[in-house]
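[1] My questions concern the predicted model and sequence given below.
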Amino acid sequence: MELRHLHYFLVVAEHLHFGRAAEELRMSQPPLTVAVKKLEQELGVQLFDRTTRSVSLTPAGRMYLDRIKPLLSDLDKANRELTEAGLGLRGRLNVGFVSSASYATMPSALRRFRELRPNVELVLNPLTTDEQIEKLLEGSLDLGILRDPTRVPGIELREIHSEPLVVALPAGHRLGNQDQIDASELADEDFVLFPYKYMSGFYSLVHSLFDGHTPPRIVERAIHQETILGLVAAGLGVSILPASVSRFQMPEVSFHPLSGEPKTRLYAGTGVENPAATAFQECLLEADLEGGQQLDRSV
């Protein structure tokens, strides 16, 4: 039994006229008549009563129509949904992101993506950069938003945002009245930073600021910037963080630009090609441009 024969039966049953059914199917009437007769032979029942003036469904034909119509409708729906999934218009998208991205391009990009792809279920996973790299490689993430990642074979990186680094100081710190701070002035300070294991690229970036100077003395490590700011506020040390984190207002912490305006960068990372992930990247780029950040994205 051929699927097209079931479709032919459905159209004839709706019109109860072979000529009009053939017109809708864009075929001549004789092959349609032959196809319906072949279906009846395969089923071993007569589906239509035919006269020279009319066509009507037999009781078996009416029963068959009631069963076949919803099945073909479900099949058409499944085919449409499959096509939409292949185009990235439907399905699930697993996105990882560093928590600091919540203060940069993420909110606008999420709103835009939900407007454009309402049938794509977004699953958001707050993870560190190195955790995301691991999950991208194993295939459990479709896209990651990474902070200063190291290059890894199998992951394509695309820059989506750039911002300055700032120094976070506790209230009453000796450098708190300065508009700008040089890294050399922090040589004797205790530092609170991300662990190398989870944010190796950002950790290395911060250390590179002290080339030729005493490296930072790290006394506390934390994964989330909110925790880092809390430790800074408690007076356990100072930190160097993305400027967007300064939007997280904390009265006991002040933020100061670094001399030379060193930059930290967010990248979209993907493993296996995914149309929905590509669309989400475009939303991230649009959100960044709307924020006034014009970037050179050659990576």
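    Sure thing, it's come through. Worth saying up front: this structure is predicted, and the values here are computed from it rather than measured. Numbering: from 1, shown residues only.
[2] Quick check: the closest residue to Gly88 other than its chain neighbours vs Gln178, distance?
    Among residues not flanking Gly88 along the chain, Pro275 sits closest, at 2.9 Å (Cβ to Cβ, 6 or more residues apart in numbering). Any C-beta I mention is one placed from the backbone N, CA and C, and that applies to glycine too. For Pro275, the distance to Gln178 (Cβ to Cβ, to the nearest Å) stands at 49 Å.
[3] list the helices and strands the longest strand along the chain packs on?
    If you go by DSSP state E, the chain has its longest strand at strand 156-170. Secondary-structure packing of strand 156-170 (3 or more Cβ pairs under 8 Å, 6 or more residues apart in numbering; DSSP states H and E): helix 225-233, strand 239-242, strand 253-257, strand 263-270, helix 275-290.
[4] in stretch 64-74, what's buried?
    Residues of stretch 64-74 classed as buried by neighbour count (16 or more other Cβ atoms under 10 Å): 64-65.
[5] er, stretch 219-235 actually
    220-223, 225, 228-233.
[6] can I get the residues you listed in TSV with pLDDT?
    Formatted as TSV, the buried residues of stretch 219-235 follow (pLDDT from 0 to 100):
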residue	pLDDT
Glu220	96
Arg221	95
Ala222	94
Ile223	89
Gln225	88
Ile228	95
Leu229	95
Gly230	95
Leu231	96
Val232	97
Ala233	96
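[7] Closest to Phe9 out of the residues you listed?
    Using Cβ to Cβ, Ile223 is the member of those that lies nearest Phe9, at 61.8 Å.
[8] The closest one contacts Pro195, correct?
    Yes - applying Cβ atoms under 8 Å, one finds Ile223 in contact with Pro195, separated by 6.8 Å.
[9] wait, what's in contact with Arg4?
    Contacts for Arg4 (Cβ atoms under 8 Å, 6 or more residues apart in numbering) come out as Ala35.
[10] what's the burial count for the nearest residue to Gln225 once chain neighbours are set aside?
    Once flanking residues are discounted, Gln225 sits nearest to Val245: 5.0 Å by Cβ to Cβ, 6+ apart. Per other Cβ atoms under 10 Å, the neighbour tally for Val245 reads 24.
[11] now do Phe18
    19.
[12] Quick check: it vs Val253, distance?
    80 Å.
[13] looking at this, Val272 is in a strand?
    No - counting by DSSP: H, G, I helix; E, B strand; the rest coil, Val272 is not part of a strand but coil.
[14] separation between it and Leu141?
    Val272 is 10 Å from Leu141, by Cβ to Cβ.
[15] Same question for Ala222.
    23 Å.
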